[in-house]
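Enquirer: only the shape, not the letters, is given here:
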Ligand SMILES: Nc1nc2c(ncn2[C@@H]2O[C@H](COP(=O)(O)OP(=O)(O)OP(=O)(O)O)[C@@H](O)[C@H]2O)c(=O)[nH]1
Ligand SMILES: [Mg+2]
């Protein structure tokens with residue numbers, strides 16, 4: 001075999017093996033990466049990038065990238081997505097280098113600020129080359145951050161085109177589900193939710209699970225699907241899998257127009273060591289029956305011994321339409337960028 005052919009086969013082999021990179025950009029994205037790093041992730045590489053040097057110094061990741069040093073001098077993007085975008089372009093080589101062997105990229109950000117919003121736009125476009133699957137996982141601003149809505153809405157429209165799938169979580173809906181929490185705690189809930197989603201899917205792909213999701217499955221559900229919504233559920237007792245799945249389907253964290261119009265569904269179940277394959281399969285059949293046959297459904301299930309007796313579910317619906325993008329801004333003026341919480 002000649003050298004070039006051997007190189008080619010080696011390259012194809014590298015791409016065939018799932019290799020996940022999780023990139024968190026801006027304050028929120030970095031906090032999500034820190035959350036995952038603290039708990040560990042099997043088979044995923046954690047990268048955090050920020051224009052804010054002080055925040056990056058307290059971020060936990062496998063690799064931290066200070067972006068746009070010449071432009072922002074480590075001081076953040078001040079709520080301007082254009083600055084975040086320019087800073088990312090300044091440092092784009094770092095991202096190419098860090099992700100050269102990755103074929104699945106999760107791109108995490110809180111939309112509405114400068115760095116995360118701008119960086120997500122640039123990276124989703126740049127990294128989707130060479131057949132990579134790019135999944136954006138973003139949060140939308142709280143209702144109290146109204147003036148950040150425009151930034152977020154514009155960015156979501158861009159990300160919907162550039163990412164294969166962009167999962168959007170509306171912070172306002174999340175706080176309704178999580179109960180009335182102070183802002184900082186509500187943001188913590190959002191970080192945990194995104195973190196669990198990324199960790200759960202990554203580990204179901206990269207490690208042996210009760211029911212594996214493989215790269216091709218994820219591709220089928222996520223490739224060129226635009227916007228996606230997720231919901232979570234938790235239950236115990238008899239019918240727990242089914243109850244938790246229904247909860248997740250009905251409680252989507254983004255207002256979507258019509259659940260039955262989604263193009264793909266990913267159902268992920270985590271249960272204590274007592275969860276059985278039969279239980280999961282039975283619940284799966286019920287979900288399959290309740291959705292139109294054209295909707296593609298992918299399953300993953302993992303055992304987490306700490307969940308004794310309980311199951312947790314996550315359902316992702318891809319190819320959906322959201323009312324967020326259609327909403328009109330209620331106020332005719334803008335208050336400019338707002339800083340919330342310590343060092344974001
Ligand atoms: N999930 C989550 N969302 C957050 C967090 N902090 C802020 N947000 C949300 O994300 C949006 C963007 O905030 P940041 O991530 O701090 O902004 P940034 O990308 O660093 O932008 P600049 O600071 O302007 O450069 C805010 O409007 C909040 O809605 C966090 O820790 N977790
Ligand atoms: Mg910031």
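Expert: Sure, I can see it. As the structure is a prediction and not an experimental result, all values here were calculated from the model. Ligands and ions are numbered 1, 2, ... in the order given.

Enquirer: got the domain ranges for this structure?
Expert: Taking automatic domain parsing as the criterion, the chain consists of the domains 8-207, 230-323.

Enquirer: now render those as JSON lines, adding distance to residue 2, mean pLDDT and mean neighbour count.
Expert: Glycine gets a C-beta too; all of them are placed from N, C-alpha and C. Listed next are the domains of the chain as JSON lines, based on distance: least, Cβ to Cβ, whole Å; pLDDT from 0 to 100; neighbours: other Cβ atoms under 10 Å:
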{"stretch": "domain 8-207", "distance to residue 2": "10", "mean pLDDT": "92", "mean neighbour count": "21"}
{"stretch": "domain 230-323", "distance to residue 2": "39", "mean pLDDT": "89", "mean neighbour count": "18"}
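
Enquirer: nearest to residue 217, out of these?
Expert: domain 230-323 (4.5 Å; Cβ to Cβ).

Enquirer: can you confirm whether that closest one lies near ligand 1?
Expert: No - applying Cβ under 6 Å from any ligand atom, one finds domain 230-323 out of contact with ligand 1, separated by at least 11.6 Å.

Enquirer: tabulate the domains of the chain in CSV, adding columns for distance to ligand 2.
Expert: CSV is the format used below for the domains of the chain (distance: least, Cβ to the ion, whole Å):
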stretch, distance to ligand 2
domain 8-207, 4
domain 230-323, 23
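
Enquirer: mind checking the longest helix of the chain?
Expert: helix 183-206 (DSSP state H).

Enquirer: which elements pack onto the helix or strand following it?
Expert: Scanning forward in sequence from helix 183-206 by DSSP states H and E, the next helix or strand is helix 215-222. With contacts defined as 3 or more Cβ pairs under 8 Å, 6 or more residues apart in numbering; DSSP states H and E, helix 215-222 has these neighbours: strand 133-140, helix 183-206, strand 264-271, strand 296-303, strand 310-318.

Enquirer: so what touches helix 215-222?
Expert: 16, 18, 103-104, 133, 135, 164-165, 201, 205, 228, 264-266, 296, 298, 316, 318 (Cβ atoms under 8 Å, 6 or more residues apart in numbering).

Enquirer: now with 10 Å, please.
Expert: 15-20, 103-104, 131, 133-135, 163-167, 201-202, 204-206, 213-214, 228, 262-266, 296-300, 316-319 (Cβ atoms under 10 Å, 6 or more residues apart in numbering).

Enquirer: and the angle for the helix or strand following it with helix 183-206?
Expert: Following helix 215-222 in sequence order, the next helix or strand is strand 226-236 (DSSP H and E). Compare the direction of strand 226-236 with that of helix 183-206 by axes from the mean of the first three to the mean of the last three Cα atoms, to 10 degrees and you get 90 degrees.

Enquirer: what helices and strands are in contact with strand 226-236?
Expert: strand 133-140, helix 149-162, strand 165-170, helix 171-178, helix 183-206, helix 240-250, strand 264-271, strand 310-318 (3 or more Cβ pairs under 10 Å, 6 or more residues apart in numbering; DSSP states H and E).

Enquirer: which one of these lies nearest to residue 74?
Expert: With Cβ to Cβ, the closest approach to residue 74 among the helices and strands packed on strand 226-236 belongs to helix 149-162: 21.9 Å.

Enquirer: next, the angle strand 226-236 makes with the closest one.
Expert: On the basis of the same axes, to 10 degrees, helix 149-162 is oriented at 100 degrees to strand 226-236.
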